[in-house]
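> Task: produce atomic coordinates for the following.
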Amino acid sequence: MISVVLHAGPGVDDYTLHLANALAEFTRVGYSIDADQLNRYGAALDPKVVPIVYNRPRRRNLWGFQEMQKLSGKIRKFNPDILHLQGDGVWESVLLRMLSGLPLINTVHDPVKHIDQRNWLNHALQRDAIRRAYGWVVHSENLRERFARSFHVNSAHVLVHPHGILDYYTRYAPSKTQRGKTILFFGELRRNKGCDILLRAFELLELSDWHVIVAGRGEGLDDERALMVRLGERLDFRPRFISDAETADLFSRAGIVVLPYRHGSQSGVLTIAAAFGCPVIATRAGSLTEFVQHGKQIFFVEPENETDLRQGLLTLAQNESLRTELGRGLNELAQAAWNWNGIAERSVAFYKHILEG
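Okay, here's the model as predicted:
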């Protein structure tokens, strides 16, 4: 039986939790998990998964070298055949050097860095993690071609599978809820996410009984303070960490979930919305158009087009049956095509392929 250790870079712990649980049905799994994240996800972790606990340092924490040395020792003791990295970061680069010689698989969630993450350090860290890997995982065929071309890797060593459904949050869903007239933007407030475009589109939307909820941390709206004041009570602004229970409540009640992205590779928010059967309106950004169809599982609009987004929101707000149909279609697609059992089976076959090669 193949033995694997999963390690999550910043921001992909929920994804890694789902993958670890699914892989536990097929192989021996260790999960290199930050202590705070273990407190958060521990009750949801499959008993067959072995937690390898450490304290995740921030970039400037010099004690991170000692912590990575301890973690590398724990991983060596687990004695995996493969280390499967999710994402990249400063301390991930340090850890990979300490685990030199251990075959590495790297899931590259965003082969093209987001607008506000494009700097020499982030690009260097990404290239370092990619260069050290024996195989890679991306989330669409389009991304595989782009990734192989950009980083000069053998496409035969690149596995494609969709971003799995993040149904962990449904465990916190309220027992009785009803979708309200709310437009939900959820996630980190970064420029590429386009929340400012949503607010400008919503300001001119003549729907007095609808309001917008913006929930997530970040500084992407610092230049939109005047607009936010004008929206007044039509805007519910929650610029903070959103707990798992609050996340479940937001998606359970959302009338429309909006992904107004300027660009991106894929969307974890979409897979949370799918788990809750939410109707979603999104821009044609990244690989989304490969997985979902306009009018069946999603309502697409053009990126960076306030008029198109405003018209799309108006169409959905005025058509409850369409919202219901889209939410049902997205949930059914996710349950069938984005399920973690299939992802785990393909991952184990890929591990064997890489080890044999």
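> nearest spatial neighbour of Ala281, skipping sequence neighbours?
One thing to correct before we go on: residue 281 is Ile, not Ala. Phe299 (4.4 Å; Cβ to Cβ, 6 or more residues apart in numbering). The way it works is simple: take the backbone N, C-alpha and C, and place the C-beta from them, glycine included.
> if I look at the one you found, how far off is Gly264?
17 Å (Cβ to Cβ, to the nearest Å).
> pLDDT weak spots in the stretch 151-300 of the chain?
220, 265 (pLDDT under 70).
> where do the helices sit along this protein?
13-23, 35-41, 64-78, 90-98, 120-131, 141-151, 195-203, 225-231, 244-253, 268-276, 288-291, 306-317, 320-337, 340-356 (DSSP state H).
> For the longest one, buried residues please.
For helix 320-337, a neighbour-count test (16 or more other Cβ atoms under 10 Å) marks Arg323, Leu326, Gly327, Gly329, Leu330, Asn331, Leu333, Ala334 as buried.
> how big is the angle separating that helix from helix 268-276?
100 degrees (axes from the mean of the first three to the mean of the last three Cα atoms, to 10 degrees).
> possible to save the helices of the chain as a markdown table with distance to Pro51?
Shown next, in a markdown table, are those (distance: least, Cβ to Cβ, whole Å):
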| stretch | distance to Pro51 |
| --- | --- |
| helix 13-23 | 9 |
| helix 35-41 | 6 |
| helix 64-78 | 10 |
| helix 90-98 | 16 |
| helix 120-131 | 23 |
| helix 141-151 | 30 |
| helix 195-203 | 35 |
| helix 225-231 | 41 |
| helix 244-253 | 18 |
| helix 268-276 | 22 |
| helix 288-291 | 31 |
| helix 306-317 | 42 |
| helix 320-337 | 27 |
| helix 340-356 | 18 |
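> Reformat the buried residues of helix 320-337 as JSON lines; add distance to Ser32 and pLDDT.
Shown next, in JSON lines, are those (distance: Cβ to Cβ, whole Å; pLDDT from 0 to 100):
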{"residue": "Arg323", "distance to Ser32": "40", "pLDDT": "95"}
{"residue": "Leu326", "distance to Ser32": "38", "pLDDT": "96"}
{"residue": "Gly327", "distance to Ser32": "36", "pLDDT": "96"}
{"residue": "Gly329", "distance to Ser32": "37", "pLDDT": "97"}
{"residue": "Leu330", "distance to Ser32": "32", "pLDDT": "96"}
{"residue": "Asn331", "distance to Ser32": "32", "pLDDT": "96"}
{"residue": "Leu333", "distance to Ser32": "31", "pLDDT": "94"}
{"residue": "Ala334", "distance to Ser32": "27", "pLDDT": "94"}
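> hmm, who's touching stretch 208-216?
The contact list for stretch 208-216 (Cβ atoms under 8 Å, 6 or more residues apart in numbering) reads 181-189, 195, 198-199, 202, 221, 231, 233-239, 242, 246, 250, 254-255, 317.
> can you dump the C-alpha coordinates of stretch 318-326 into CSV?
Only the C-alpha atoms of stretch 318-326 are listed here, as CSV (Å, rounded to 0.1, in the frame of the first residue of the first chain):
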residue,chain,number,x,y,z
GLN,A,318,-36.6,38.6,-10.9
ASN,A,319,-36.7,34.8,-11.7
GLU,A,320,-37.0,32.6,-8.7
SER,A,321,-37.6,29.4,-10.8
LEU,A,322,-34.3,30.0,-12.7
ARG,A,323,-32.4,30.5,-9.4
THR,A,324,-33.9,27.2,-8.1
GLU,A,325,-33.0,25.4,-11.3
LEU,A,326,-29.4,26.7,-11.3
